[in-house]
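*Asks:* Below: sequence and its predicted model.
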Amino acid sequence: MELVKGNIIKQIKRNEKPEFADTCANRELTYKVIWVNSKTYGLECIGGYMQGTRCNLCKNFIESSTDVYGTTTTWVLVQ
């Protein structure tokens, strides 16, 4: 996925195991791309429990992945 400044993306995390029912393993965060450089995207959280925080995302990120605990993380382009 190629992003440009101003894009809105969602990070969706899901884990169906009962022990992860009320944790951060089941949530959605909405980010706005605030800058782009040669290796990373600068993101600002505009929706979710981390609203107002900023982070970086490598340009070679994987759109859908599963970690060792079974949590599936998916990035979706909203706008």
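*Replies:* That came in fine, so what should we check first?
*Asks:* Distance check, the residue sitting nearest the centre point of the chain against residue 38.
*Replies:* Among the residues of the chain, the one closest to the centroid is residue 11, at 2.9 Å (C-alpha atoms, centre = their mean). The spacing between residue 11 and residue 38, counted by C-beta to C-beta, to the nearest Å, is 22 Å. Placement of C-beta: from N, CA and C, glycine included.
*Asks:* residues near residue 44, how many?
*Replies:* For residue 44, the tally of surrounding residues (other C-beta atoms under 10 Å) stands at 16.
*Asks:* Okay, and the beta partners of it?
*Replies:* Under DSSP bridges, the beta-bridge partners of residue 44 are residue 32, residue 54.
*Asks:* Please give me every residue in contact with it.
*Replies:* By C-beta atoms under 8 Å, 6 or more residues apart in numbering, the contact set of residue 44 is 31-32, 34, 52-54.
*Asks:* one more time with 7 Å
*Replies:* If you count contacts by C-beta atoms under 7 Å, 6 or more residues apart in numbering, residue 44 has them with 31-32, 34, 54.
*Asks:* now residue 42: how far from residue 55?
*Replies:* Residue 42 is 8 Å from residue 55, by C-beta to C-beta.
*Asks:* cool, and residue 17?
*Replies:* Look at residue 17 and residue 55: by C-beta to C-beta, they are 26 Å apart.
*Asks:* Quick one: low-confidence residue ranges for this protein.
*Replies:* Nowhere does the chain drop to pLDDT under 70.
*Asks:* Next, count neighbours for the closest residue to residue 59 other than its chain neighbours.
*Replies:* Of all residues not flanking residue 59 in the chain, residue 39 sits nearest, at 5.9 Å (C-beta to C-beta, 6 or more residues apart in numbering). Using other C-beta under 10 Å, residue 39 has 9 neighbouring residues.
*Asks:* cool, residue 65 as well?
*Replies:* When neighbours are counted by other C-beta under 10 Å, residue 65 registers 11.
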